[in-house]
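Novice: structure for the following, please:
(one chain, ligands or ions: 1)
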Amino acid sequence: MAGVRQAVFDKQVVQQSFDLASDRYNQFTSLQRTIGDRLLERIDVCSQGNVLDIGSGTGYLTKKLTELNHADDVYALDISTGMLQQTKLNTRQSSLNGFICADAENLPLAKESIRAVYSNLAYQWCSNLGKAIGDVHDILQTDGVFAFSTFGPKTLQELKSVWATVDGAVHVNYFEDMSDIQGYLERSGFKQITVRSEDIVVHYDTPKQLMLGLKGMGAHNINQGRNKGLTGVGAFKAMLKKYEGLRVESGIPATYEAVYVYAKK
Ligand SMILES: C[S@@+](CC[C@H](N)C(=O)[O-])C[C@H]1O[C@@H](n2cnc3c(N)ncnc32)[C@H](O)[C@@H]1O
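Specialist: Model (predicted):
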């Protein structure tokens, strides 16, 4: 059952982790931007009503949404106040209307108040994706649009397999698969559902650079099954050495499975 395999995140840890990453986040985000751009390639532009960006981060997608849509109001929502500050800074020139510090799994918005909800790479941080998707269904108006991207289970498969040879702890966040996501959407009552994925392989100069990149974007492992603070220097070095063995001509490979989801209420 999907629910049994779901990740459990400590929301305070998620919040602190993104607060810490917020001021230097843009140095590490070319992957998120690529995925955000691809998500937007297939959206229906919203010509009226309110638009909401969930997990706005530093505001890359939010800014594009204000340019693309001719909506009445565009709102940015994030669990991290540090990230919301960045959204504010980076969307200064745009017609953004509101900033909401809240959890995507507990949306503080009125029923049927929003015309379109978008989200780029925030839902992989939700412990209960079914609940988060149900909340979106509640706040959307009839025929409202929902489009989001998230990571699928092939994400960081190389890192996962290398760690598995070093110790038995959880070192990579758990990512839900497309059929689970499709099920949540159907059970919430969404229609015209499309879920597709693509594997994007990023090459890094060294395994350490990959680890720094994950930390920099606030994406280091925070699953509760993780080896809290116990990963010794020796184990970490052993992992880096094993990962080095996967090197190809373009560098150290890391797969990211980008999942793109489109649905209507
Ligand atoms: C990888 S960043 C993506 C940011 C942005 N959408 C972009 O495209 O660059 C993920 C964002 O989701 C936010 N986030 C994580 N869990 C959240 C939750 N439960 N509710 C709301 N925002 C959350 C983080 O604070 C962070 O800003």
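
Novice: please count neighbours and contacts with C-alpha atoms only from this point.
Specialist: Will do.

Novice: what pairs with Gly251 across the strands?
Specialist: When bridges are called by DSSP bridges, Gly251 pairs up with Val248.

Novice: how many neighbours does Phe207 have?
Specialist: Just to correct that, residue 207 is Pro rather than Phe. Neighbour count of Pro207, defined by other CA atoms under 10 Å: 23.

Novice: same question for Arg42.
Specialist: Neighbours of Arg42 under the rule other CA under 10 Å: 12.

Novice: next one: it from Met211, what distance?
Specialist: Look at Arg42 and Met211: by CA to CA, to the nearest Å, they are 32 Å apart.

Novice: what does Lys111 give?
Specialist: For Lys111 relative to Met211 (CA to CA), the value is 41 Å.

Novice: now Leu31
Specialist: Distance from Leu31 to Met211, by CA to CA: 15 Å.

Novice: show me which residues of the stretch 101-250 of the chain sit near the ligand.
Specialist: Taking CA under 6 Å from any ligand atom as the contact definition, the stretch 101-250 of the chain meets the ligand at Ala102, Asp103, Ala104, Glu105, Ser119, Asn120, Leu121, Ala122, Trp125, Cys126.

Novice: any chance you could map the helices in the chain?
Specialist: 11-21, 30-41, 60-68, 81-90, 129-139, 157-164, 178-188, 207-216, 233-244 (DSSP state H).

Novice: can you put those helices in a markdown table and add mean pLDDT and distance to Val170?
Specialist: Shown next, in a markdown table, are the helices of the chain (pLDDT from 0 to 100; distance: least, CA to CA, whole Å):
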| stretch | mean pLDDT | distance to Val170 |
| --- | --- | --- |
| helix 11-21 | 74 | 16 |
| helix 30-41 | 92 | 24 |
| helix 60-68 | 87 | 31 |
| helix 81-90 | 90 | 27 |
| helix 129-139 | 97 | 20 |
| helix 157-164 | 92 | 8 |
| helix 178-188 | 97 | 21 |
| helix 207-216 | 85 | 15 |
| helix 233-244 | 90 | 13 |
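
Novice: out of those helices, the one nearest Tyr262 is which?
Specialist: When the helices of the chain are compared by CA to CA, helix 30-41 sits nearest Tyr262, at 8.9 Å.

Novice: okay, the angle between the closest one and helix 60-68?
Specialist: Here helix 30-41 points in a direction 30 degrees away from that of helix 60-68 (axes from the mean of the first three to the mean of the last three CA atoms, to 10 degrees).

Novice: how about helix 30-41: buried residues?
Specialist: For helix 30-41, burial by neighbour count (16 or more other CA atoms under 10 Å) applies to Gln32, Arg33, Ile35, Gly36, Leu39, Leu40.

Novice: can you name the residue of the stretch 1-150 of the chain nearest to the ligand?
Specialist: Residue nearest to the ligand within the stretch 1-150 of the chain (CA to the nearest ligand atom): Gly57, separated by 3.2 Å.

Novice: ok, that residue touching Thr87?
Specialist: Yes: with contact defined as CA atoms under 8 Å, Gly57 and Thr87 form a contacting pair (6.3 Å).
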